[in-house]
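J.: sequence plus predicted model, see below.
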Amino acid sequence: MHSFRADLHIHTVLSPCAELEMTPRKIVGRAVEAGLQIIGITDHNSTLNAEVVKELGSERGILVLMGAEVTTREEVHCLAFFEDTERRKSFQTFLDENSIRIPNPDGHFGYQPVVDADENILEMIPYFLTAALKKGINEISRKVMELGGIFIPAHVNRQMNGLFAQLGFLPPDLHFDALGITGKMISADVRKQYDLKESITLVRNSDAHFLEQIGSSYSIFEMKEARFEEIKLALKQQDSRRVRTE
């Protein structure tokens, strides 16, 4: 097995809360500097900047998971990732169909540009991307699984938009691949606080909104190679693959 350093929660300039320096090329450059081999692109309720980051990442030897940080109807933040363009586009259609269109005139909530590899603005999203979707967490999870994706409730140890803060418990019928954590709280303490079994994989991520945050928190994936299917095996703790957070 080989070890791969991964930060699976990174926002681009498309997220209204991210700094304007979070362009695809700069994100990839910073990921290289931070010693990351795998990154996840997770803009709020949109996958539209993920494809260009994936293309730039492949040029620098970094595997980029294309996805989004979805805000469920319950206002739980969850990460969703997809292996290829077709599945990503299918999920983007799902997001578009289930978004609540709160106007964002003149970037009132923050600017939301879709950009190309050279930082040219292709489109400005006119509605507030972070607003909760019309679908609940179980419905969104089912859609991700239907598309063969990866579903990870984000920063569950956080008081804002975390699974336990919003719902108070882990739904017994929720299908997920791992739970995301942030900050310096050690995994053993997270498991104790929320009564989480060892069979549930924890993934530590930075939730980067600024360049210097990329790779500040990360996980180590132990697997044969950096591929989407290998990542799924590691998250499921199958065939000797695993994820370490300390």
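T.: That came through, no problem. Numbers count the residues shown, from 1 in each chain.

J.: show me what the helix or strand harbouring Ser3 is packed against.
T.: Taking DSSP states H and E as the criterion, Ser3 maps to strand 2-10. When contacts are defined as 3 or more Cβ pairs under 8 Å, 6 or more residues apart in numbering; DSSP states H and E, strand 2-10 sits against helix 24-33, strand 38-44, strand 63-71, strand 77-82, strand 219-223. Yep, even glycine has a C-beta here, placed from its N, CA and C like the rest.

J.: quick one: low-confidence parts of the protein?
T.: Counting by pLDDT under 70, the chain shows no low-confidence range.

J.: please enumerate the helices of it.
T.: Remark: helices assigned in the chain by DSSP state H are 24-33, 50-59, 85-98, 137-146, 163-167, 187-194, 228-235.

J.: list the buried ones in the strand holding Ser3?
T.: Within strand 2-10, the residues scored as buried using 16 or more other Cβ atoms under 10 Å are 4-10.

J.: rewinding a little: can you lay out the helices of the chain as a markdown table showing distance to Leu174?
T.: Shown next, in a markdown table, are the helices of the chain (distance: least, Cβ to Cβ, whole Å):
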| stretch | distance to Leu174 |
| --- | --- |
| helix 24-33 | 30 |
| helix 50-59 | 24 |
| helix 85-98 | 18 |
| helix 137-146 | 6 |
| helix 163-167 | 9 |
| helix 187-194 | 14 |
| helix 228-235 | 15 |
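
J.: out of those, nearest to Asp177?
T.: Of all the helices of the chain, it is helix 228-235 that lies closest to Asp177, at 4.3 Å by Cβ to Cβ.

J.: packing partners of the closest one?
T.: Against helix 228-235 (3+ Cβ pairs under 8 Å, 6+ apart) you get strand 63-71, strand 150-153, strand 219-223, strand 242-244.

J.: figure out which of those is closest to Asp96.
T.: strand 63-71 (11.5 Å).

J.: and that closest one, what does it pack against?
T.: strand 2-10, strand 38-44, helix 50-59, strand 77-82, helix 85-98, helix 228-235.

J.: can you redo those as a markdown table with distance to Leu167?
T.: Listed next are those as a markdown table, based on distance: least, Cβ to Cβ, whole Å:
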| stretch | distance to Leu167 |
| --- | --- |
| strand 2-10 | 20 |
| strand 38-44 | 19 |
| helix 50-59 | 27 |
| strand 77-82 | 12 |
| helix 85-98 | 19 |
| helix 228-235 | 21 |
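
J.: of all the ones you listed, which one is nearest Gln112?
T.: strand 38-44 (8.6 Å).

J.: let me know the angle separating the closest one from helix 50-59.
T.: 160 degrees (axes from the mean of the first three to the mean of the last three Cα atoms, to 10 degrees).

J.: separation between Asn138 and Thr71?
T.: Asn138 is 15 Å from Thr71, where distance means Cβ to Cβ, to the nearest Å.
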